[in-house]
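Enquirer: Mind folding the following:
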Amino acid sequence: MVVRGESCVTAAYDLLQADTGSMSSAVWIVVAVFAVGAVAGGLLRIRAWLAKPASPEVIEAAHRDDDKTD
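Expert: Numbering: from 1, shown residues only. Predicted coordinates:
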């Protein structure tokens with residue numbers, strides 16, 4: 001709203017400043033959603049990696065290591 005004695009440029013600047021706050025909030029929300037998605041995706045990949053069975057070579061090496069310590 002243009003107040004008496006205020007130019008249209010100043011009024012437009014005030015509108016842009018007010019909108020910048022909501023734009024900044026929207027950017028932070030997008031960043032937060034992206035970060036949560038990245039963490040969740042990483043955790044799911046780690047879970048899938050841990051669920052895979054170990055290869056026979058790894059199991060054999062573990063048994064050999066167990067035999068050495070006995």
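
Enquirer: give me the low-pLDDT residue ranges for this protein?
Expert: 1-9, 11-23, 67, 69-70 (pLDDT under 70).

Enquirer: in it, which spans are helices?
Expert: 8-51, 56-69 (DSSP state H).

Enquirer: Using TSV, please lay out those together with mean neighbour count.
Expert: For the C-beta atoms, the positions are set from N, CA and C on the backbone; glycine is no exception. Formatted as TSV, those follow (neighbours: other C-beta atoms under 10 Å):
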stretch	mean neighbour count
helix 8-51	10
helix 56-69	9
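
Enquirer: need the contact list for residue 41.
Expert: Counting by C-beta atoms under 8 Å, 6 or more residues apart in numbering, residue 41 makes contact with nothing.

Enquirer: mind checking how far it is from residue 49?
Expert: 13 Å (C-beta to C-beta, to the nearest Å).

Enquirer: Same check on residue 60?
Expert: From residue 60 to residue 49 the distance is 21 Å (C-beta to C-beta).

Enquirer: Then residue 59?
Expert: 17 Å.

Enquirer: do the same with residue 40
Expert: For residue 40, the distance to residue 49 - C-beta to C-beta - is 15 Å.

Enquirer: Equivalent analysis for residue 43, please.
Expert: 11 Å.

Enquirer: again with residue 26
Expert: Separation of residue 26 from residue 49 (C-beta to C-beta) stands at 35 Å.

Enquirer: same question, residue 58
Expert: 13 Å.

Enquirer: shared neighbours, these two?
Expert: If you check residue 58 and residue 49 against C-beta under 8 Å, 6+ apart, no residue is contacted by both.
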